[in-house]
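[1] With the input below, show me the fold.
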Amino acid sequence: MTETRRRKIIAEDIFRVRWIDDPQLSPDGQCVAFVVSGLDRQSDASTSQIYIMALDGSHPILITPLDARESNPRWSPDSRHLALISDRSGAPQLWSVAFAGGARPGAATQLTSTPYGVSNPCWSPDGCHIVFVAAIDDLPGWLQKPAAPYPLITSLKYKADGIGILPTRRKHLWIVPVSADQAPADNQPIQITFGDGDDTMPAWSPDGAHIAFLANRTPRRDYNQVMDIWLVSPTGYAPRLLTASLGAIRTLSWSPNGATLAYIGHERGDTQGVNFSLWVVQLDGTPSRNLTRHLDRSVGLVVRSDDLRGMQPPSPAWTADGAYIYFAFAEGSSSHIARTTLDGTIVTIISGERACLAFSLQSAVIGGALSGRLVSVIADDLQPGEIYLADLTGAGERPVTAFNAAWLAELMLSRPERLLIQADDGNEVEAFLLRPPDYVLSTLSPGQHYPLVVQVHGGPHYALGHRFYFEFQRLAAQGYMILTPNIRGSQGYGEAFATAIHGDWGGRDYQDLMQVVDMAVTIDGVDAARLAITGVSYGGFMTNWAIGHSHRFRAAICENGISNLLSNFGTGGGGQAFWTSSMRGTPYTMPERYRLQSPITYVENMITPLLLIHAEQDHNCDIGQSEELFVALKLLAEPGTARDVAFVRIPAEGHLMNLVGRPSMRLGRIAIIDQWLKDKL
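    From the prediction side, this is the model:
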């Protein structure tokens, strides 16, 4: 019998990856709905469909059209309907799919026809209404219709990545009836929040009396990143502020008795890199309590990869008896699920060297005992994520989907090796080395070595770890060693580690980076003479910084990076609060700090061949950052010589082009990167 040889991963395999997200257990615990995303070559776009699967071992059932993008599956309280967001009729609208029983889908009904689409659906506890978020042109007329056909900008936060100049709209909460005895045409949505701010993340209280939502209605909302919890009645009376406007809040959920809200946030204003915690707040005005204050990790954080999952933290989830709240957090290079009691006793439920990306639970008190199910999306070094089922303690865990199994079975992949380096200040720095998949130390020929590509993560507070990373596996398959260090600034290692770079970009983080490189080049098979460095966003900043302070690298690739902190402060899309915190001041109060920590200040020392790749619709790190550095390097060339620099502009893409860009762009980007590394290494 002939054994089938596995092959190496190639760029075109990106069309076979399936990214699973947003699992939602039905209230009766019998089914799970979830989103499966991918890339389609023919339409040159991403795809997103919703599947339903009974947990009795049945196969998943696709319930949405293949030519539509679907998201946000949310079960009705009686498990007989599934609300979802779909663009099958144009702009993303709210739909409801009926179920005859189990996982058998019935008719789909469109519930909204708003001009700009909807998001964030949430059912009322009686199943008769859905609250959602939709944008409306509710600014004063003179702002909506200026005399000249040009944008009239009055807000500091006037543009967004991948979009450009924002329209003069505000997002508010609306309610639509979904009772069976009303025809769809009669179900007109009713607006229940108003004003010149944005409202989001609505959650209906169990007794139906309140809708909680997140909004920044502070007087200086144009200048800060504060978010608060507000309460409004379904009839839309004046909202009531529940929290104290002390920091950011990202998501929330109601306790079963409706007396308490759990939320993920912090009370540190605009400070970057601090731990998000799990808090509870009572409706009676009692100050919020931090349940995870003794956990020196950021709640809601998951390790990152080259897809979008984990950008928004999973919402905390209560058990039916109100005794436990489940949440996700990152422990170094892994992401776990834990639960806490209301007195702050924390137990980890799902752990291991892997990444728990999303979860949902169903529970009930039967005969005085708590029982239920927990589903989670779990990825690891060698697979991008499947749905796993366990009980509420994490016991009996087993995979229940296998969307990626077939194509992964064809591949020869490499499992990263964990490296732990003690920095010169005594702190430990974690990194990973990914070898070519056919690397075997015992069969290396004398003198055989592989070039090393150092990949610096973005953020700067995002961390990498035990999660499938398509780009890294693809580069390793081409014969490169891939080094991914979680240097100072990375979250998952404690708040002091993450905030150590405040006001000191290019300081302790750069020292960590180079000390990790020093260790890596001593490993068998690594060619210390053929080093490259690359990164996106902050990783691009560090790439530019490194080649301005070291000549060790033979090639560099900066994607959507930063060269000049002073100019980026004013051109980033509403990121002034981020920079004021990160640099401990503004360019106007700390001009010398911004100048000294800008890579372009050291441009005369940059002799490493540099490839600049930048998206033209990047409004986080404006394309001017690459333009400035490209021009400076070109003009610094000695007579008769030239700096080895190239600049690639990517049209119609934003800052996250490597995560959400068009498939054709992704393949083009891959070809450019591959050729640069091949030529220089």
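[2] which residues in this protein form helices?
    Shown for the chain, the helices assigned by DSSP state H span residues 141-144, 405-408, 470-477, 495-499, 508-520, 538-549, 565-571, 576-582, 591-596, 624-635, 657-660, 663-680.
[3] Dump the fourth one to PDB, restricted to CA.
    Below are the C-alpha coordinates for helix 495-499, written out as PDB (Å, rounded to 0.1, in the frame of the first residue of the first chain):
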ATOM      1  CA  GLU A 495       0.500  44.900  32.900                       C
ATOM      2  CA  ALA A 496       4.000  46.000  33.800                       C
ATOM      3  CA  PHE A 497       5.400  44.100  30.800                       C
ATOM      4  CA  ALA A 498       2.800  45.600  28.400                       C
ATOM      5  CA  THR A 499       3.100  49.200  29.600                       C
END
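[4] helices or strands up against it?
    Using 3 or more Cβ pairs under 8 Å, 6 or more residues apart in numbering; DSSP states H and E as the contact test, no helix or strand touches helix 495-499. Every residue, glycine included, has its C-beta placed from N, CA and C.
[5] So which residues make contact with it?
    Here helix 495-499 makes contact (Cβ atoms under 8 Å, 6 or more residues apart in numbering) with 271-275, 296, 298, 427, 461, 488-492.
[6] Show me what counts as buried in that helix.
    495, 497-499 (16 or more other Cβ atoms under 10 Å).
[7] comparing the helices of the chain, which gets the lowest mean pLDDT score?
    Lowest mean pLDDT of the helices of the chain: helix 141-144, a mean of 50.
[8] before we move on, the earlier item: which of the contacts of helix 495-499 fall within strands?
    Using DSSP state E, no member of those falls in strands.
[9] need the buried residues of helix 495-499 in a markdown table with distance to Ser626, can you?
    Formatted as a markdown table, the buried residues of helix 495-499 follow (distance: Cβ to Cβ, whole Å):
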| residue | distance to Ser626 |
| --- | --- |
| Glu495 | 32 |
| Phe497 | 30 |
| Ala498 | 27 |
| Thr499 | 28 |
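[10] Kindly indicate which of these lies nearest Leu39.
    Nearest to Leu39 among these is Ala498, at 32.5 Å by Cβ to Cβ.
[11] Find the residue closest to the closest one in space, skipping its chain neighbours.
    Residue nearest to Ala498 in three dimensions, not counting chain neighbours: Gly273, with 4.0 Å by Cβ to Cβ, 6 or more residues apart in numbering.
[12] That neighbour reaches Gly489, doesn't it?
    Yes: taking contacts as Cβ atoms under 8 Å, Gly273 lies within contact range of Gly489: 6.9 Å.
[13] Quick check: closest non-adjacent residue to Leu301.
    Nearest one to Leu301, counting by Cβ to Cβ, 6+ apart, is Ala330 at 4.2 Å.
[14] which residues sit in contact with that neighbour?
    297-298, 301-303, 336, 463, 465, 491-492.
[15] cool, and Pro609?
    554-556, 644-645, 676, 680.
[16] And Val347, by the same measure?
    Contacts of Val347 by Cβ under 8 Å, 6+ apart are 338-340.
[17] from the residues you listed, which is closest to Lys634?
    Ala338 (52.2 Å).
[18] re the thing from before, so between Gly273 and Gly489, which is more surrounded?
    Gly489 (28 against 22; other Cβ atoms under 10 Å).
[19] Touching, the more buried one and Gly458? I think so.
    No: contact between Gly489 and Gly458 fails when scored by Cβ under 8 Å: they sit 10.4 Å apart.
[20] Quick check: neighbours shared by those two?
    Tyr538.
[21] remind me which residues of the protein are low pLDDT?
    Applying pLDDT under 70 to the chain picks out residues 1-4, 101-103, 138-149, 180-186, 441-442, 573-574, 639-641.
[22] What are the phi and psi values at the spatially most central residue of it?
    The residue lying closest to the centre of the chain (Cα atoms, centre = their mean) is Met311, at 1.7 Å. Phi and psi for Met311, reported as degrees, to the nearest 10, are phi -60, psi -40.
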